[in-house]
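1. Show me the folded form of this:
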Amino acid sequence: MVSSKDQDVMFSIVIFLAFGLCFVDSQFPRVCTSEASFRTKTCCPLWKDKSPCGSLSGRGKCIAWAASTAKKIPQYNDDRLDWPRHYYENTCECFGNYSGFNCGDCKFGYHGEKCDRKKINIRREIRELSALEQRRFFSYLALAKTTKSQDFVVLSTGDRHHRETYRFVDASLYDVFVWMHYYSMKPIMINSTFIPEKNFAHQGPVFPGWHRLNLLFLERQIQLMTRDEDFTIPYYDWRSDKNCSICTDELLGTNDEQGVINPYSYFSFWRAICSGFNFPDEYCPLADSEYKMERVHRKPGTTPYAPNMPTFQDVENTLKLKNFDTPPYNETSLYSFRNALEGFLSPDGATLKRSMHNLVHIYIGGTMSQIPISSNDPFFLLHHSFVDKIFESWIVRYNGSPMTYPENNEIGQGPNDCATPFFPCYKNKDFISRSEELGYQFSTYAGDM
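-> Sure, this is the predicted structure:
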């Protein structure tokens, strides 16, 4: 069990790095946040062979991005547009099974010094794990929550309109993961005007693949941190579950009527980065202030318009929708598997109402119902791992492929757009593929799909 002292370690090591730069962006590799990197628009870090992108060892090379066919981005447009070309004209292109911002890591599913060892791990339902395996999982999460990320920093500002106010902030590995979700969900800004219904991770065809990549990022980082290649993020099969059966002190934690998590649970002292304020013109302004962050809280089953979890039949009906997505490729799309899975569309494919993924967020309540910061609650991991399992079931059923990803006009959600804010560039279309290609599969659980 994690003590309050352990939970507070992370915040005692969080510091901020204030750079007087007009070029600042998001989940940047720490080594690419120097003034020289922004001035030259280059993020091609040296690998351990002392060459950019490990070129002397044949791992990759520093390349210039081809000119974008998009219109020139106005000076005060959203800083995430055309990721990462808006800031870096030169980045690493990795060869073979190598990956990472400096080609120093392996592609998902590969391991070893030469990234030549393929490994497929099994994601299991949280209740399938033994008591020891559950404790190991929670211990790994505690370590990720209290260990400062050595490779990445996050962006903080109270004024997105003025780049000189941007600053980089150290954060724990888990909080970097949380911040990536928060950052991608901030409203898109065009010509200094915010479009609240548009973001880079939801309400369009990017939704299932972006969240798949988000989980893979954290999973891989924990594998590297713990040197445990077998680590996977378990899932929570919430179909027709009553009263959140995993909300026990042995698992995710009980809570009182105010949503306060029991102090004897693992997560009672977790604080939520980027909480407290949610204005469109800011990026996590209190990222370095522990005591102004609210604690993670939870109130399952107390929201009148979300009295129940989605059912077995809801999932089956969603899987019957053969089209990955349909025009206009947003929250109003009908007969769209993606929109039904995301939860803006009923599983019948014809009625626009909250369901599936969105319904679970609302049902759990508390931090989970505040979608921009919802990943602060570890419940998010188990929920989205199951959403990913449903996505995988759809891929298997209809033999989905990258060609399935539709051309669309949603900003940042095109098939060849780089997923924001990941390094290196992962194209949105690359995540409609079998999970085994990415190094994992799902266990078979009761009443499986």
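2. what's stretch 430-444 in contact with?
-> Contacts to stretch 430-444, defined as C-beta atoms under 8 Å, 6 or more residues apart in numbering, come from residues 108-110, 118-125, 128, 208-210, 212-213, 216, 219, 232, 235, 324, 388-389, 392, 395-396, 400-402, 404-405, 419. Just so you know, the C-beta spots here come from the backbone N, C-alpha and C atoms, and that holds for glycine as well.
3. Flag every buried residue along it.
-> Buried residues in stretch 430-444, defined by neighbour count with 16 or more other C-beta atoms under 10 Å: 430, 431, 432, 433, 435, 438, 439, 440, 441, 442.
4. Same question for stretch 178-192.
-> Applying a neighbour-count criterion of 16+ other C-beta under 10 Å, one finds 178-190 buried in stretch 178-192.
5. And the strands in the stretch 151-300 of the chain?
-> Here the stretch 151-300 of the chain has its strands, by DSSP state E, counting those that start in this stretch, at 154-156, 167-169, 188-190, 193-195.
6. want to throw these into CSV with mean pLDDT?
-> What follows is these, written out as CSV (pLDDT from 0 to 100):
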stretch, mean pLDDT
strand 154-156, 88
strand 167-169, 87
strand 188-190, 90
strand 193-195, 90
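7. May I see the buried residues of stretch 105-112?
-> 105, 106, 107, 108, 109, 110, 111.
8. Check for me that the fourth one belongs to a helix.
-> No - the assignment for residue 108, made by DSSP: H, G, I helix; E, B strand; the rest coil, is coil rather than a helix.
9. For it, give me the backbone phi and psi.
-> In terms of degrees, to the nearest 10, the main-chain angles of residue 108 are phi -60, psi 130.
10. ok now do residue 126, which residues does it touch?
-> 134, 137, 234, 235, 236, 246, 251, 382.
11. Likewise for residue 394?
-> 319, 324, 337, 341, 400 are the contacts of residue 394 under C-beta under 8 Å, 6+ apart.
12. gap between the closest residue to the third one other than its chain neighbours and residue 346?
-> Counting by C-beta to C-beta, 6 or more residues apart in numbering, residue 321 is the residue found nearest to residue 337 once chain neighbours are left out, at 4.2 Å. Relative to residue 346, residue 321 is positioned 11 Å away (criterion: C-beta to C-beta, to the nearest Å).
13. Neighbour count: the two, which is higher?
-> Ranked by neighbour count (other C-beta atoms under 10 Å), residue 321 and residue 346 place residue 321 first, with 23 against 19.
14. Hmm, residue 174 and residue 217 touching each other?
-> No - at 11.2 Å, residue 217 does not count as touching residue 174 under the criterion of C-beta atoms under 8 Å.
15. the more surrounded of these two?
-> Neighbours per residue, other C-beta under 10 Å: of residue 217 and residue 174, the larger number sits with residue 174, 27 against 20.
16. Let me see the contact set for that one.
-> 141, 144, 145, 218.
17. got it, and residue 292?
-> 276, 286 are the contacts of residue 292 under C-beta under 8 Å, 6+ apart.
18. at 10 Å instead, please
-> 271, 275, 276, 277, 285, 286 (C-beta atoms under 10 Å, 6 or more residues apart in numbering).
19. export the host helix or strand of residue 386 as CSV, just CAs?
-> Element membership for residue 386 (DSSP states H and E) is helix 379-398. Only the C-alpha atoms of helix 379-398 are listed here, as CSV (Å, rounded to 0.1, in the frame of the first residue of the first chain):
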residue,chain,number,x,y,z
PHE,A,379,-9.5,3.6,-13.3
PHE,A,380,-9.0,5.3,-16.7
LEU,A,381,-6.3,2.7,-17.6
LEU,A,382,-8.5,-0.3,-16.9
HIS,A,383,-11.5,1.3,-18.7
HIS,A,384,-9.5,2.3,-21.8
SER,A,385,-7.8,-1.1,-21.9
PHE,A,386,-11.2,-2.7,-22.2
VAL,A,387,-12.3,-0.1,-24.8
ASP,A,388,-9.2,-1.2,-26.7
LYS,A,389,-10.2,-4.8,-26.4
ILE,A,390,-13.6,-4.0,-27.9
PHE,A,391,-11.7,-2.1,-30.7
GLU,A,392,-9.6,-5.2,-31.2
SER,A,393,-12.6,-7.4,-31.4
TRP,A,394,-14.0,-5.2,-34.2
ILE,A,395,-10.7,-5.3,-36.1
VAL,A,396,-10.7,-9.1,-35.9
ARG,A,397,-14.3,-9.4,-36.9
TYR,A,398,-14.0,-7.2,-40.0
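20. next one: the helix or strand that that helix is followed by to chain centre, how far?
-> Using DSSP H and E, the next helix or strand after helix 379-398 towards the C-terminus is strand 440-442. Distance, stretch centre to chain centre, for strand 440-442: 18 Å (C-alpha atoms, centre = their mean, to the nearest Å).
21. How about stretch 422-432?
-> 12 Å.
22. can you list the weak-confidence ranges in the stretch 151-300 of the chain?
-> Applying pLDDT under 70 to the stretch 151-300 of the chain flags residues 290-291.
23. quick one: residue 63 from residue 85, how far?
-> Shown here: residue 63 relative to residue 85, a distance of 12 Å by C-beta to C-beta.
24. if we can go back for a sec, JSON lines for the contacts of residue 126, including neighbour count and distance to residue 48?
-> Shown next, in JSON lines, are those (neighbours: other C-beta atoms under 10 Å; distance: C-beta to C-beta, whole Å):
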{"residue": "134", "neighbour count": "17", "distance to residue 48": "36"}
{"residue": "137", "neighbour count": "22", "distance to residue 48": "31"}
{"residue": "234", "neighbour count": "22", "distance to residue 48": "34"}
{"residue": "235", "neighbour count": "25", "distance to residue 48": "36"}
{"residue": "236", "neighbour count": "22", "distance to residue 48": "39"}
{"residue": "246", "neighbour count": "19", "distance to residue 48": "42"}
{"residue": "251", "neighbour count": "23", "distance to residue 48": "40"}
{"residue": "382", "neighbour count": "22", "distance to residue 48": "36"}
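25. Let me have the strands of the stretch 151-300 of the chain in JSON lines, extended by distance to residue 38.
-> As requested, the strands of the stretch 151-300 of the chain are arranged in JSON lines below (distance: least, C-beta to C-beta, whole Å):
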{"stretch": "strand 154-156", "distance to residue 38": "13"}
{"stretch": "strand 167-169", "distance to residue 38": "11"}
{"stretch": "strand 188-190", "distance to residue 38": "20"}
{"stretch": "strand 193-195", "distance to residue 38": "25"}
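26. Out of the ones you listed, which gets nearest to residue 50?
-> The minimum distance between residue 50 and the strands of the stretch 151-300 of the chain falls on strand 167-169, with 25.1 Å, by C-beta to C-beta.
27. Pull up the pairing partners for the closest one, direction included.
-> Take DSSP bridges as the rule and strand 167-169 pairs in its sheet with strand 16-17 (antiparallel), strand 154-156 (antiparallel).
28. residue contacts, the nearest residue to residue 449 once chain neighbours are set aside?
-> Distances taken as C-beta to C-beta, 6+ apart place residue 393 nearest to residue 449, at 4.3 Å, with adjacent residues excluded. Under the criterion of C-beta under 10 Å, 6+ apart, the contact list for residue 393 reads 315, 316, 318, 319, 442, 448, 449.
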